[in-house]
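Colleague: Quick one: sequence plus predicted model below, questions after.
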Protein chains: 2
Amino acid sequence: MVEKRVDDRPDAPRNMLTEAQHILQDRLIQLGLKRSSQRDTILRVFLKVRDHLSIEELHTLIKKQDAAIGYTTVYRTLKLFVQCGLAAEVEFHDGVARYEHCLNRRSHHHMICTVCGDSVEFFSREIDEIERSIGKRFHYVTTRHSFQIYGTCEACQRKLKNTATKAQ
Amino acid sequence: MVEKRVDDRPDAPRNMLTEAQHILQDRLIQLGLKRSSQRDTILRVFLKVRDHLSIEELHTLIKKQDAAIGYTTVYRTLKLFVQCGLAAEVEFHDGVARYEHCLNRRSHHHMICTVCGDSVEFFSREIDEIERSIGKRFHYVTTRHSFQIYGTCEACQRKLKNTATKAQ
DNA sequence: ATTGCTGCAAACGATTTGCATGAGG
DNA sequence: CCTCATGCAAATCGTTTGCAGCAAT
């Protein structure tokens, strides 16, 4: 439940790391904070991974680069990345925080299988428009929204059907 | 932070309680479970309240009817209500579970002020349509979705502006 | 030098569970 | 009677915090 696709394809360009490092660096200075080798390592690993990882999953990957990095640091650093606009929390609403990087990433949403936990990404322009118009109607300054669809994926539907045959 | 509007208006009809009691009763039998005075009391209080309450808020209200009812029972009972289709969990993503009743209740969503925690309900037919079409496209059997908008309400915008005047 | 960062262990807060007892059918 | 429901206290789990020592500027 830990290995995730690592991205070495052209659409996760080498220079995304550089870009992210600059953003982080600038933001650290703005906030009066400091660089650290741990933050560098965590950023590097985080950017290599596609999709959303829990802190635990991330920590497992990070320890392969530097076994000394602790759980707490990963928590703290991911929060920092969110502040810097490098990461976004994904709300799967299953009791664990998940993060994905949001650099060069279109706004998207997730549909989650409640049986196996798998998920697919989808895009929807309407949703952004709804945020805008509802915010306007009720005089809210909106900052973000959260949208996810829950259901059962094709594979799990099949599995459930097979299990159900004798029960029927 | 506990008192909530209690509904004695015509659109929360007397017989909603009766209807809910029947649904609960039927479902209990289906599941091989039993009635109890606690479950009755919790249902009665729960239905009287509009909007979404945390377990803590609910427990406070419930204790006024029967001081002996424990925290745990409220947790367990609300889960049961969800199973029975009487309640739905509201996902505000602030670390506490909130429930609202979903009897005779149009599907709706929430926009939440991240400063004061206040929220407004809104309706959107498009969202239901998006669930349907995305589910179809990826061959998911969808069961529900979760959508909320986060931002700052009008009152908090004013307050923030006032606080900012000297900082500027 | 000063201040922020780290890792560990302990604290935390919401929720869940184990268990002895009580109530419902 | 048998089974489920209850209330309490203890356990759990993800996350946060306090703190002493280390690292960055």
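Modeller: Happy to help now that I have it. Numbers count the residues shown, from 1 in each chain, chains lettered A, B, ... in the order given.
Colleague: Let me see the contact set for whichever residue of chain A sits closest to DNA strand D.
Modeller: Scanning chain A for the residue nearest DNA strand D gives residue A:97, at 3.0 Å (criterion: CB to the nearest atom of the strand). Yep, even glycine has a C-beta here, placed from its N, CA and C like the rest. Going by CB atoms under 8 Å, 6 or more residues apart in numbering or on different chains, residue A:97 touches A:54, A:55, A:78, A:89.
Colleague: which of these tops the neighbour count?
Modeller: residue A:78 (21 neighbours; other CB atoms under 10 Å in any protein chain shown).
Colleague: Need the residues that contact the worst-scoring helix or strand of chain A on mean pLDDT.
Modeller: Sorted by mean pLDDT, DSSP states H and E, the helices and strands of chain A end with helix A:154-167, the least confident at a mean of 82. Residues outside helix A:154-167 that contact it (CB under 8 Å, 6+ apart): A:113, A:115, A:116, A:118, A:152, B:138, B:139, B:140, B:141.
Colleague: nearest to DNA strand C, of those residues?
Modeller: Nearest to DNA strand C among the contacts of helix A:154-167, with distances taken as CB to the nearest atom of the strand, is residue A:115, at 17.7 Å.
Colleague: For that closest one, give its distance to residue A:125.
Modeller: Applying CB to CB, to the nearest Å, the value for residue A:115 to residue A:125 is 29 Å.
Colleague: Buried residues in the least confident helix or strand of chain A, which are they?
Modeller: A:156, A:157 (16 or more other CB atoms under 10 Å in any protein chain shown).
Colleague: Measure how far it is from the centre of its chain, please.
Modeller: Chain-centre distance of helix A:154-167: 31 Å, with CA atoms, centre = their mean, to the nearest Å.
Colleague: returning to that earlier point: quick one: which of residue A:115 and residue A:125 has more around it?
Modeller: Between residue A:115 and residue A:125, residue A:115 has the larger neighbour count (other CB under 10 Å), namely 14 against 8.
Colleague: which phi and psi does that one have?
Modeller: Backbone geometry at residue A:115, expressed as degrees, to the nearest 10, gives phi -90, psi -50.
Colleague: Same question for the one 5 residues further on.
Modeller: Backbone geometry at residue A:120, expressed as degrees, to the nearest 10, gives phi -120, psi 150.
Colleague: Correct me if wrong: it contacts residue B:137.
Modeller: No - judged on CB atoms under 8 Å, residue A:120 makes no contact with residue B:137 at a distance of 9.1 Å.
Colleague: Angles on the backbone of residue A:87, please.
Modeller: Torsion angles at residue A:87 (phi, psi; degrees, to the nearest 10) stand at phi -130, psi 160.
Colleague: Surely it and residue A:77 touch.
Modeller: No - between residue A:87 and residue A:77 there is no contact under CB under 8 Å: 9.3 Å.
Colleague: is stretch A:47-56 anywhere near DNA strand C?
Modeller: No - on the criterion CB under 7 Å from any atom of the strand, stretch A:47-56 is out of touch with DNA strand C, staying 12.5 Å away.
Colleague: What are the buried residues along the helix or strand containing residue A:80?
Modeller: Using DSSP states H and E, residue A:80 sits in helix A:71-83. Across helix A:71-83, burial judged by 16+ other CB under 10 Å covers A:73, A:74, A:77, A:78, A:80, A:81.
Colleague: Please give the element, helix or strand, for residue A:27.
Modeller: Counting by DSSP H and E, residue A:27 is found in helix A:14-31.
Colleague: how far off helix A:71-83 does the helix or strand residue A:64 falls within point, in degrees?
Modeller: Element membership for residue A:64, per DSSP H and E: helix A:55-65. Between helix A:55-65 and helix A:71-83, the angle comes out at 110 degrees (axes from the mean of the first three to the mean of the last three CA atoms, to 10 degrees).
Colleague: how about helix A:55-65, does it reach chain B?
Modeller: No - with CB under 8 Å from any CB of the partner chain as the criterion, chain B is not reached by helix A:55-65; the gap is at least 15.5 Å.
Colleague: Check which helices and strands that helix is in contact with.
Modeller: helix A:37-48, helix A:71-83 (3 or more CB pairs under 8 Å, 6 or more residues apart in numbering or on different chains; DSSP states H and E).
Colleague: does DNA strand D sit close to the shortest one?
Modeller: The one in question is helix A:37-48. Yes - counting by CB under 7 Å from any atom of the strand, contacts between helix A:37-48 and DNA strand D involve residue A:37.
Colleague: domain ranges for chain A?
Modeller: A:8-104, A:106-168 (automatic domain parsing).
Colleague: where does chain A come near chain B, residue by residue?
Modeller: A:91, A:93, A:111, A:113-114, A:120, A:122, A:124, A:126-127, A:130-131, A:134-135, A:137-154, A:157.
Colleague: Which among the residues you listed count as buried?
Modeller: Looks like those have A:91, A:111, A:113, A:120, A:122, A:124, A:127, A:130-131, A:134-135, A:138, A:140, A:142, A:145-153, A:157 buried, using 16+ other CB under 10 Å.
Colleague: Would the top strand by length along chain A count as contacting DNA strand D?
Modeller: Using DSSP state E to define each element, chain A has its longest strand at strand A:141-152. No - against DNA strand D, strand A:141-152 shows no contacts by CB under 7 Å from any atom of the strand, the least distance being 14.9 Å.
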